[in-house]
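Asker: Take a look and give me a structure for this.
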Amino acid sequence: MNIKMLLVKRSIYILFFLPALILTSCFGPKPMVEKTVKNLAPGSPLPGRTVLFALPRTSLVVRVQAVKTTYVPGPFRKYSEKYLGIKPEVNKKQALWSLKEAGISSYTEPDPANYFTLTTNGVLAENALTLTRKGLILDVARATGQETPAFEVTSDEPDGKPYFTDLSVKRNIIEKKDTVYRTVMHDTGFVRIPVVKTTESPMTLDEKAEAAANFIIKIRKRRFKLMSGQYDTYPRDEALEFAVKEMTRLENEYLALFLGKKVHQTWYYRFLFTPTDPAKQQVLFRFSMETGICQNDGCKGMPVYFTWTTAGNAPDLPSGTVSVADSSRIYYRIPELTDVRLNYNDRILAQKHLFIYQFGPVLELAPNVILDKAGK
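Answerer: So this is what the prediction gives:
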């Protein structure tokens with residue numbers, strides 16, 4: 001009986017205390033996983049078990065349309081009052097620029113002044129980078145930049161060429177007939193015989209202007225008869241509309257010979273710009289009505305600049321570049337809601353509400369919330 005009782009007691013001991021021992025060995029204290037966060041110096045090698053991340057910054061894409069208007073005087077401007085009774089609109093050749101419209105958009109990129117490395121001696125703490133889902137830090141390996149150049153200019157073709165080719169519907173050469181006399185000797189003496197001599201000479205500018213003015217008057221008469229139904233047969237509906245439209249276009253082309261011509265050309269500018277100081281106005285370019293848009297040093301013209309108004313919703317903490325010695329904390333950036341305006345000569349060219357990261361504060365993430373893959 002004693003031996004049986006001893007065996008039963010040992011079975012009970014194993015049954016109750018061995019699972020507790022196993023659970024104690026599984027959930028007992030384990031070595032602390034160390035994590036280190038520090039600034040990444042340029043050219044420094046990356047150690048193993050390292051995650052590279054950066055604080056985000058906001059850059060702006062600014063698109064501006066400028067219109068160049070070229071004024072070309074007509075070759076017959078001196079004769080506009082003589083033959084048409086009107087004054088010319090353009091008397092000298094010049095080009096003037098105007099700003100048509102502008103637009104602002106933004107994108108996020110890594111801040112080159114705020115790169116960090118996260119190093120651990122345990123399982124790599126990649127889940128700390130879940131902050132990238134909210135854009136508070138950026139995974140440098142996955143960040144995409146702008147592939148287009150920082151400054152780009154394109155333009156469309158002008159509506160019409162700034163010179164004149166159709167000056168008249170008549171030939172440039174005119175024939176002139178003069179009567180000359182030739183002396184012929186007959187039996188009784190000398191006799192003068194009239195002879196018609198034909199000569200060719202180019203039309204003078206005055207003669208060309210008179211021919212062009214007569215053609216304008218002829219177009220107006222034909223169009224009036226066509227619209228008033230004075231012809232026995234005339235086009236109807238769409239054919240009549242097309243004929244009147246073409247006659248008007250031709251009249252305007254010939255009127256430009258007297259009044260002058262305005263040629264419009266639209267230029268498209270694209271700027272990439274990174275805001276730096278929320279307390280100062282920052283000039284994007286200069287604009288002059290004579291030379292247009294210019295970014296070079298010494299450009300003349302009025303400045304086109306940004307103004308910023310922050311909403312003040314972010315915590316009142318320091319912003320800018322973070323200098324970090326070895327630490328176990330993650331640093332992240334909260335963007336600041338900012339009213340961005342592009343101004344020119346008391347005129348707002350573009351305005352938009354944007355989140356700008358570099359205007360917001362830099363915060364620290366407590367080390368006890370940085371977990372590795374194993375949940376330590």
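Asker: The residue positioned nearest the centre of the chain pairs with what?
Answerer: By Cα atoms, centre = their mean, the chain has its centre lying nearest to Arg63, at 2.5 Å. Beta-bridge partners for Arg63, by DSSP bridges, are Gly103, Arg270.
Asker: Partner strands of the helix or strand containing Ile193 and their direction?
Answerer: Assessed by DSSP states H and E, Ile193 sits inside strand 190-202. In the sheet, strand 190-202 lines up against strand 173-185 (antiparallel) (DSSP bridges).
Asker: Under the pLDDT cut-off, which ranges of the stretch 201-350 of the chain? List them.
Answerer: The model of the stretch 201-350 of the chain has pLDDT under 70 over residues 312-328.
Asker: All the helices of this structure, residue numbers only.
Answerer: 2-27, 80-83, 205-228, 237-259 (DSSP state H).
Asker: any idea how far the strand holding Ile193 is from the chain center?
Answerer: 70 Å (Cα atoms, centre = their mean, to the nearest Å).
Asker: And the strands in the stretch 51-200 of the chain?
Answerer: Applying DSSP state E, counting those that start in this stretch to the stretch 51-200 of the chain gives strands spanning 94-120, 138-139, 151-155, 173-185, 190-202.
Asker: Just put those strands in a markdown table and tack on mean neighbour count.
Answerer: Any C-beta I mention is one placed from the backbone N, CA and C, and that applies to glycine too. Formatted as a markdown table, the strands of the stretch 51-200 of the chain follow (neighbours: other Cβ atoms under 10 Å):
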| stretch | mean neighbour count |
| --- | --- |
| strand 94-120 | 17 |
| strand 138-139 | 20 |
| strand 151-155 | 11 |
| strand 173-185 | 9 |
| strand 190-202 | 9 |
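Asker: give the contact list for the residue nearest to the centre of the chain.
Answerer: Ala102, Gly103, Ser105, Tyr268, Tyr269, Arg270, Phe271 (Cβ atoms under 8 Å, 6 or more residues apart in numbering).
Asker: just to revisit the earlier point, so which of the strands of the stretch 51-200 of the chain is nearest Tyr234?
Answerer: For those, proximity to Tyr234 was assessed by Cβ to Cβ; strand 173-185 is nearest, at 33.4 Å.
Asker: which other residues reach that closest one?
Answerer: 190-203, 207.
Asker: Report the angle between it and helix 205-228.
Answerer: If you take axes from the mean of the first three to the mean of the last three Cα atoms, to 10 degrees, strand 173-185 sits at 120 degrees to helix 205-228.
Asker: Give me the below-cutoff pLDDT ranges for the stretch 51-200 of the chain.
Answerer: If you take pLDDT under 70 as the line, the stretch 51-200 of the chain has these spans: 120-134, 139-148, 159-162.
Asker: Tell me which residues touch the residue nearest to Asp111 when sequence neighbours are not counted, please.
Answerer: Spatially, and ignoring its direct neighbours in sequence, Asp111 is nearest to Arg57 (4.1 Å; Cβ to Cβ, 6 or more residues apart in numbering). By Cβ under 8 Å, 6+ apart, the contact set of Arg57 is Thr108, Glu109, Pro110, Asp111, Asn114, Thr274, Tyr357, Gln358.
Asker: from what I can see the fourth one touches Pro56, true?
Answerer: Think Asp111. Yes. Asp111 lies in contact with Pro56 (Cβ atoms under 8 Å); the separation is 6.5 Å.
Asker: what do these two both touch?
Answerer: Common neighbours of Asp111 and Pro56 (Cβ under 8 Å, 6+ apart) are Tyr357.
Asker: before we move on, back to that, hey, what's the residue nearest to Asp111 bridged with?
Answerer: Here Arg57 sits in beta bridges with Glu109, going by DSSP bridges.
Asker: just the one 10 residues further on next, same as before
Answerer: For Val67, the beta-bridge partners under DSSP bridges are Ser98, Thr266.
Asker: Arg347 now?
Answerer: Beta-bridge partners, per DSSP bridges, of Arg347: Tyr344.
Asker: tell me, how many neighbours does it end up with?
Answerer: Neighbourhood size, Arg347 [other Cβ atoms under 10 Å]: 9.
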